[in-house]
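Novice: what follows is a protein structure lacking sequence information:
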């Protein structure tokens with residue numbers, strides 16, 4: 001009465017088990033598989049295989065998953081899906097009935113397959129000559145210049161944008177007008193969706209692709225593709241950590257009805273680059289608040305709402321193997337004061353000759369800087385964010401009180417003496 005296995009020559013789900021025992025053990029049913037296994041050793045081994053499979057597909061330690069979605073897109077049986085946890089972050093779950101134990105999901109995981117750290121070929125402080133563009137950008141406007149160069153040559157650009165619900169997702173554009181949505185920081189984790197698959201399709205059709213994202217998203221893309229493409233340019237954005245989409249969703253609901261929102265800017269620089277604000281434009285008003293005082297940004301700055309993997313980032317320090325690394329050039333007043341006017345300056349790390357070739361196609365103003373001297377002011381390039389002691393308490397209170405807990409946060413007081421000592425140490429390096 002055993003149902004015949006649909007797989008020729010035995011179920012691939014237990015391929016390792018079959019090779020050892022020389023049986024045709026089948027995944028069609030636990031009872032059926034045990035029925036075909038008569039020796040005690042075989043039964044024990046079979047149980048070990050079952051346990052291994054269970055632990056392989058469940059993320060027991062959430063710091064070991066960055067949510068890049070590479071496993072979902074790579075699975076040949078499409079049996080992996082992403083599910084939001086209690087903190088609002090996406091994690092993969094596998095349908096055991098469809099899984100064939102091919103392990104491709106493991107092979108594309110940037111946490112399990114980390115690259116080697118390396119320093120860039122060159123490091124630059126850079127700004128665009130277009131002042132309007134610069135003021136609408138997070139820092140120096142360099143991303144837009146790189147993206148425009150690719151679009152003008154018939155290429156495609158992938159980046160993060162707000163969707164119709166003002167949540168953040170990855171998408172692509174083939175037009176200069178489409179780049180506007182990618183511009184400026186979005187302080188919330190983006191949903192990759194099937195962007196890796198789309199990138200692969202464009203590459204196979206000989207289209208030049210510029211893919212931008214956090215370092216873990218770039219690492220996930222590289223592993224998903226599993227080969228080098230001469231027509232792919234990757235840009236990783238320096239990342240402090242990605243905040244919870246759930247907290248962003250509920251915070252935004254306290255400000256406005258989503259249908260009334262016209263635009264959101266997480267880094268509005270009208271009061272200066274260093275004193276940037278978060279701004280939400282609605283049909284009848286604009287709500288603007290300095291980031292240093294904004295409750296959502298306070299939680300972000302205090303690392304309370306960051307994904308757990310951000311405290312053990314697997315892709316920093318050049319390990320994602322991107323062509324270019326982009327970020328704010330904090331400390332520019334010490335490293336290259338001639339390019340500091342508090343309107344935003346980009347830190348550009350050129351990691352490959354391909355990245356250097358693209359930068360040379362722009363009309364950016366850039367000046368080479370000492371990478372090692374710049375890192376103390378921009379430690380997020382090489383170092384993971386520290387996990388705060390109050391993180392568990394914050395989420396415990398959130399589970400009890402909801403988004404109200406966000407509005408109880410207060411800015412941390414800066415110790416003036418510590419700040420002075422810190423600057424003296426930095427200037428002495």
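Specialist: Ah, there it is. The shown structure was predicted, so the numbers you read here are calculated from the model rather than taken from an experiment.
Novice: secondary structure element holding the residue lying closest to residue 109 once chain neighbours are set aside?
Specialist: Computed as C-beta to C-beta, 6 or more residues apart in numbering, the closest residue to residue 109 that is not its neighbour in sequence is residue 71, at 6.3 Å. Every C-beta, even on glycine, is put in place using the N, C-alpha and C of the backbone. Assigning secondary structure by DSSP states H and E places residue 71 in helix 70-74.
Novice: what's the answer for residue 172, then?
Specialist: Element membership for residue 172 (DSSP H and E) is strand 168-173.
Novice: residue 347: what secondary structure?
Specialist: Under DSSP: H, G, I helix; E, B strand; the rest coil, the three-state class of residue 347 is strand.
Novice: that one against residue 125, yeah?
Specialist: Yes. Between residue 347 and residue 125 there is a contact under C-beta atoms under 8 Å: 6.8 Å.
Novice: related to what we said a few turns ago, contacts for the strand holding residue 172, please.
Specialist: 151, 156-163, 179, 181-182, 186, 188-193, 195, 198-199, 202, 213, 217, 245, 248 (C-beta atoms under 8 Å, 6 or more residues apart in numbering).
Novice: helices of the stretch 101-250 of the chain, start to end?
Specialist: 104-107, 131-135, 142-151, 195-204, 215-225, 245-253 (DSSP state H, counting those that start in this stretch).
Novice: out of the ones you listed, which one sits most buried?
Specialist: helix 215-225 (a mean of 27; mean count of other C-beta atoms under 10 Å).
Novice: tell me the contacts of residue 166?
Specialist: Applying C-beta under 8 Å, 6+ apart, the residues contacting residue 166 are 252, 258, 261, 264.
Novice: check the gap between it and residue 283 for me.
Specialist: Plainly put, residue 166 is 14 Å away from residue 283 if you go by C-beta to C-beta, to the nearest Å.
Novice: just the contacts of residue 166: which are in strands?
Specialist: Among the contacts of residue 166, the members found in strands (DSSP state E) are 261, 264.
Novice: tell me the least confident of the contacts of residue 166?
Specialist: Sorting the contacts of residue 166 by pLDDT puts residue 258 at the bottom of the list (91).
Novice: what's around that residue, how many residues?
Specialist: 13 (other C-beta atoms under 10 Å).
Novice: for it, what are its contacts?
Specialist: Contacts of residue 258 by C-beta under 8 Å, 6+ apart are 165-166, 252.
Novice: ok, now with 7 Å
Specialist: The contact partners of residue 258, taken as C-beta atoms under 7 Å, 6 or more residues apart in numbering, are 165-166.
Novice: ok, residue 88 next?
Specialist: So residue 88 contacts 244-247 (C-beta under 7 Å, 6+ apart).
Novice: the same query, at a cut-off of 6 Å, please.
Specialist: Residue 88 makes contact with 244-246, according to C-beta atoms under 6 Å, 6 or more residues apart in numbering.
Novice: where's it relative to residue 240, distance?
Specialist: Taken as C-beta to C-beta, the span from residue 88 to residue 240 is 18 Å.
Novice: with residue 296 instead?
Specialist: Applying C-beta to C-beta, the value for residue 296 to residue 240 is 14 Å.
Novice: common neighbours of residue 347 and residue 125, please.
Specialist: Here residue 347 and residue 125 have residue 329 as joint contacts, going by C-beta under 6 Å, 6+ apart.
Novice: between the two, who's got more neighbours?
Specialist: Neighbours were counted for residue 347 and for residue 125 using other C-beta under 10 Å; residue 347 has more, 28 against 23.
Novice: now that one: how far from residue 329?
Specialist: Applying C-beta to C-beta, the value for residue 347 to residue 329 is 4 Å.
Novice: next one: residue 134
Specialist: Per C-beta to C-beta, residue 134 is found 13 Å from residue 329.
Novice: list the buried residues of stretch 357-364.
Specialist: Buried residues in stretch 357-364, defined by neighbour count with 16 or more other C-beta atoms under 10 Å: 358-359, 362, 364.
Novice: got it, and stretch 168-179?
Specialist: Using 16+ other C-beta under 10 Å as the test for burial, stretch 168-179 gives 168-173, 178-179.
Novice: can you list the weak-confidence ranges in the stretch 301-429 of the chain?
Specialist: Along the stretch 301-429 of the chain, segments meeting pLDDT under 70 span 413-429.
Novice: so what's residue 239 closest to, chain neighbours aside?
Specialist: Per C-beta to C-beta, 6+ apart, closest to residue 239 is residue 214, 4.5 Å.
Novice: please tell me the pLDDT value assigned to the one residue sitting closest to the centre of the chain.
Specialist: The centroid of the chain falls nearest to residue 214 when counting by C-alpha atoms, centre = their mean (3.8 Å). You'll see residue 214 listed with a pLDDT of 98.
Novice: roughly how far apart are it and residue 255?
Specialist: Computed as C-beta to C-beta, the residue 214 to residue 255 distance reads 25 Å.
Novice: quick one: low-confidence residue ranges for the stretch 151-300 of the chain.
Specialist: Scanning the stretch 151-300 of the chain for pLDDT under 70 picks out no residues.
Novice: kindly recompute the last result at 90.
Specialist: For the stretch 151-300 of the chain, applying pLDDT under 90 flags the ranges 256.
Novice: on that earlier part again, for residue 296 and residue 240, indicate the residue with more neighbours.
Specialist: Higher neighbour count among residue 296 and residue 240: residue 296, with 26 against 18, using other C-beta under 10 Å.
Novice: how long is stretch 127-139 from one end to the other?
Specialist: End-to-end span of stretch 127-139 (C-alpha to C-alpha, to the nearest Å): 8 Å.
Novice: and that stretch, how far out from the chain's middle?
Specialist: Distance of stretch 127-139 from the chain centroid (C-alpha atoms, centre = their mean, to the nearest Å) equals 24 Å.
Novice: what's in contact with that stretch?
Specialist: The contact list for stretch 127-139 (C-beta under 6 Å, 6+ apart) reads 140-141, 144-145, 183-185, 267, 269, 328, 343-346, 363-365.
Novice: same question, stretch 343-363
Specialist: Contacts for stretch 343-363 (C-beta under 6 Å, 6+ apart): 120-127, 129, 134, 139-140, 142, 145-146, 149, 233, 273, 322-325, 327, 329, 332, 339, 378.
Novice: out of the residues you listed, which are buried?
Specialist: Using 16+ other C-beta under 10 Å as the burial test, the contacts of stretch 343-363 include 120, 122-127, 134, 139-140, 142, 145-146, 149, 233, 273, 322-325, 327, 329, 332, 339, 378 as buried.
Novice: let's see which of the residues you listed end up in strands.
Specialist: Per DSSP E, the buried ones among the contacts of stretch 343-363 map to strands at 122-127, 233, 324-325, 327.
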